[in-house]
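What would the 3D arrangement of this be:
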Amino acid sequence: MTTHLESLRKYSRVVADTGDIDAVARWKPQDATTNPSLLLVSAEDPRYQPFVDQAVMQARGDLPAAMDALFVLFGAEILKHVAGRVSTEVDARLSFDTEKSIAKARRFIELYEKAGVSRARILVKLASTWEGIRAAERLEREGIHCNMTLLFSFAQAAACADAGVTLISPFVGRIYDWHRQARKVDDIPIEEDPGVASVTRIYNYYKKHGYATQVMGASFRKAAQIVALAGCDLLTIAPDLLEKLSKAEGELPRKLSPEEAKKQSIAKIALDEKAFRWMHNEDAMATEKLAEGIRRFDADARKLEKLITSLAAAVPAK
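As a prediction, the model looks like this:
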């Protein structure tokens, strides 16, 4: 009997949303995504202490260098277990600085290439701010492929497509969370789920107008959200939900397809900076969740820095 996970793989590229190398090895996804929150969990895991120690030793007291090294060490190890790509995230504190975001992305690629990893296997993750989108536009011209994260509004999605980015990661679960709280309900039926509706709208818009940018649904709260997006270009899924999908039996129907999208009447929009900022600002959920997401990733990055600092202090001076 076919499982939901096996069926899903026929329509969508399955990506592991984790920094847990053992989980990646077990599930054998095509790609994997990481972020500061996921890497903080992994860095605190005794199984991965050698990676933290190696990053500390390589950096020789330089905290930013240690952070970069740790991200790349985890990414390079994950790539041993996937056939495709790994996403590595730029510091959230650079979300409103185009030039420094570009410099950090180039630094990641430099470190990966020194480790023998081709840039073709790396997606640099950037927040979907106006500044982040502009950074991605320039990086793509250099052959550095980008994954735009913290994406909640249609304005963000439209601007990313116009910038020619490789991939976007709209956050299904966080959109769902916001609306569930706003409505003061315990759950929202899947047919009314605003996170699922957001990704569906973006996917159809991209396919209707022939954009090459791929859509990767992310941040799921339940397996039903994933099932409702079967056919999306990619779906990045946490290990617990991969487990559930692997145990559920039956064929899944395809929900999204380029053919169906092209049949729809969807107007194309053009956004300059002012129009982008206004359209995004009009979406209260997206405005709040983007700001919150940047703060959360920054907070976890700072915790990771403290962990590295404490370990560096324990290394005997030579």
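
ok, for A127, nearest residue in space, not its chain neighbours?
Using C-beta to C-beta, 6 or more residues apart in numbering and skipping the chain neighbours, the partner closest in space to A127 is S95 (4.0 Å). From N, CA and C alone the C-beta is placed, and that goes for glycine too.

per-residue pLDDT, that neighbour?
S95 is assigned a pLDDT of 98 by the prediction.

where's it relative to R134, distance?
S95 is 12 Å from R134, where distance means C-beta to C-beta, to the nearest Å.

neighbour-wise, which of those two wins?
More neighbours surround S95 than the other of S95 and R134, with 26 against 18 (other C-beta atoms under 10 Å).

Return the residues in contact with the more buried one.
Residues in contact with S95 (C-beta atoms under 8 Å, 6 or more residues apart in numbering) are S101, L126, A127, T129, E131, G132, I294.

Which members of these occur in helices, if any?
S101, E131, G132, I294 (DSSP state H).

List phi and psi for the residue nearest to K289 when sequence neighbours are not counted.
Sequence neighbours aside, F152 is the residue nearest to K289 in space, at 4.7 Å (criterion: C-beta to C-beta, 6+ apart). The phi and psi values for F152, taken as degrees, to the nearest 10, are phi -130, psi -20.

Was I right to think F152 contacts E292?
No - shown here, F152 and E292 do not form a contact pair, counting by C-beta atoms under 8 Å, at 9.9 Å.

okay, the two: which has more neighbours?
Applying other C-beta under 10 Å to F152 and E292 shows that F152 carries more neighbours, namely 27 against 14.

Could I get the pLDDT score of the more buried one?
pLDDT at F152 comes out at 98.

need the contact list for it.
Residues near F152 by C-beta under 8 Å, 6+ apart: P170, F171, R174, I175, S198, D283, M285, A286, K289, L290.

Now do it against K306, distance only.
On the measure of C-beta to C-beta, F152 and K306 end up 29 Å apart.

next one: T88
Distance from T88 to K306, by C-beta to C-beta: 21 Å.

Settle it for me: which of these two has more neighbours?
T88 (27 against 11).

To which secondary structure element is that one assigned?
Element membership of T88 [criterion: DSSP states H and E] is strand 86-89.

Run the chain-centre distance for that strand.
In this view, strand 86-89 has its centroid 8 Å away from the chain centroid, taken as C-alpha atoms, centre = their mean, to the nearest Å.

Residues in a beta bridge with V14, which ones?
Under the criterion DSSP bridges, V14 forms beta bridges with L235.

Isn't it up against H4?
No - counting by C-beta under 8 Å, V14 stays clear of H4, with 11.1 Å between them.

Between the two ends of stretch 225-236, how far is it?
Using C-alpha to C-alpha, to the nearest Å, the end-to-end distance of stretch 225-236 comes out at 12 Å.

And for stretch 128-147?
Stretch 128-147 end-to-end distance (C-alpha to C-alpha) = 9 Å.

Return the distance of that stretch from the chain's centre.
Counting by C-alpha atoms, centre = their mean, stretch 128-147 comes out at 14 Å from the chain centroid.

could you give me the average pLDDT of that stretch?
98.

what do you get for stretch 57-72?
Computed over stretch 57-72, the average pLDDT equals 92.

Just the element for L307, please.
Applying DSSP H and E, one finds L307 within helix 284-313.

What ranges does the stretch 201-318 of the chain have for its helices?
Taking DSSP state H, counting those that start in this stretch, the helices of the stretch 201-318 of the chain run over residues 223-227, 239-247, 258-262, 273-281, 284-313.

Show the backbone phi and psi for I122.
The phi/psi pair for I122 (degrees, to the nearest 10) is phi -120, psi 140.

that older thread, I'd like the ones in helices among the contacts of S95 as TSV, with distance to R302 and neighbour count appended.
Formatted as TSV, these follow (distance: C-beta to C-beta, whole Å; neighbours: other C-beta atoms under 10 Å):
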residue	distance to R302	neighbour count
S101	18	26
E131	21	19
G132	20	30
I294	13	19
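
closest to E260 among those residues?
For the ones in helices among the contacts of S95, the minimum distance to E260 (C-beta to C-beta) is 30.7 Å, reached by G132.
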